[in-house]
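Enquirer: Sequence first, predicted model second:
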Amino acid sequence: AHLVLWNGGAIAERGVTVDNGHFAWRDRPARGHLLERAQALATECEIVPGYLSEISLAAPAWVAQWAAVLGRGALLLIDYGFPRREFYHPQRCAGTLMCHYRHHAHGDPFLWPGLQDITTHVDFSAVAHCALAQGLQPLGFVNQARLLTSLGLLERLVPPAPATGAMDGPVATPAEAAERQLAWARLAQSVQVLLSEAEMGELFKAVAFGRGVDTEAMGFERGDRMATLV
């Protein structure tokens, strides 16, 4: 992704330089396709002077490459991100750049260079526009919670059998039952992280496109938000 700064009529690409032996930001005028995309976004979204965010030229290009070789089938993408109107919301004026180091999240990519992940969110509208322009059919766009529940995750989360009173099969001892209950509680907690809107359930999205697909895409039957992308 490219870091872009909109400052009135000037649009700059933000890069990295070395200042007194330390990494530092440095801006330069945006050019080429990046400048074109930034100008288009400025007219489409409410981007005010001083707005800093990201533009990914690689993600749509990657989708286009897959569309060129997909004869019949589906492309399923899962990642964290937003539709364009949310991605470039006026209140998200510092972008989505985030760093992760040993489960610690922060916004300084110069803190532990080479040791941390540096990530940005996905503009799912850019992905969708490219896929449709390449002739793929939209199959659905939902959050992760909706996808997993539609695929039956909660039905798979079966509580353990009681320690006594089982009609068939061996009866678990109290110790075995307690261990099973504890394992189920851990599993339920993990599922809660996947589904909760405060955790991964809303932040992560799933989008699917296909070619020659004549059946409804599993997991996208309820809560489809494709209209927010196109």
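Expert: Looks like it arrived, so ask away. Numbers count the residues shown, from 1 in each chain.

Enquirer: can you pull out the helices in the chain?
Expert: Under the criterion DSSP state H, the chain contains helices at 32-44, 58-69, 84-87, 124-133, 144-150, 153-156, 174-195.

Enquirer: Pick out the residue closest to the middle of this protein.
Expert: Tyr80 (1.6 Å; Cα atoms, centre = their mean).

Enquirer: So, low pLDDT: which residues of this protein?
Expert: 161-171 (pLDDT under 70).

Enquirer: who's in contact with the residue nearest to the centre of the chain?
Expert: 121-122, 200, 203-205 (Cβ atoms under 8 Å, 6 or more residues apart in numbering). In this view, the C-beta of every residue, glycine as well, is placed from N, C-alpha and C.

Enquirer: Out of those, name the two that are farthest from one another.
Expert: Val122 and Met200 (14.3 Å; Cβ to Cβ).

Enquirer: neighbour-wise, which of the two wins?
Expert: Neighbour count, other Cβ atoms under 10 Å: between Val122 and Met200, Val122 has more, with 23 against 17.

Enquirer: Tell me if I'm right that that one and Ala59 touch.
Expert: Yes - between Val122 and Ala59 a contact is recorded at 6.4 Å, counting by Cβ atoms under 8 Å.

Enquirer: phi, psi of Leu151?
Expert: phi -80, psi 0 (degrees, to the nearest 10).

Enquirer: Around the residue nearest to it when sequence neighbours are not counted, count how many other residues there are.
Expert: Distance criterion Cβ to Cβ, 6 or more residues apart in numbering; nearest residue to Leu151, sequence neighbours excluded, is Gly219 at 4.8 Å. Gly219: 20 surrounding residues under other Cβ under 10 Å.

Enquirer: which ones are touching Gly219?
Expert: 140, 142, 146-148, 150-151, 206.

Enquirer: now with 10 Å?
Expert: Gly219 sits next to 76, 139-140, 142, 144, 146-152, 206, 208 when contact means Cβ atoms under 10 Å, 6 or more residues apart in numbering.

Enquirer: For it, grab phi and psi.
Expert: Backbone torsions for Gly219, taken as degrees, to the nearest 10, come to phi 90, psi -10.

Enquirer: Against Leu34, how distant is it?
Expert: Note on Gly219: its distance to Leu34, by Cβ to Cβ, to the nearest Å, is 34 Å.

Enquirer: related to what we said a few turns ago, filter the contacts of Gly219 down to the buried ones, PyMOL style.
Expert: Here is the PyMOL command that selects the buried residues among these (16 or more other Cβ atoms under 10 Å):
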select buried, resi 76+139+140+142+144+146+147+148+149+150+206+208
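
Enquirer: can you list the contacts of Gly219 in a markdown table and add distance to Phe87?
Expert: Listed next are those as a markdown table, based on distance: Cβ to Cβ, whole Å:
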| residue | distance to Phe87 |
| --- | --- |
| Leu76 | 20 |
| Leu139 | 21 |
| Gly140 | 19 |
| Val142 | 17 |
| Gln144 | 17 |
| Arg146 | 19 |
| Leu147 | 20 |
| Leu148 | 23 |
| Thr149 | 25 |
| Ser150 | 24 |
| Leu151 | 26 |
| Gly152 | 31 |
| Ala206 | 17 |
| Ala208 | 19 |
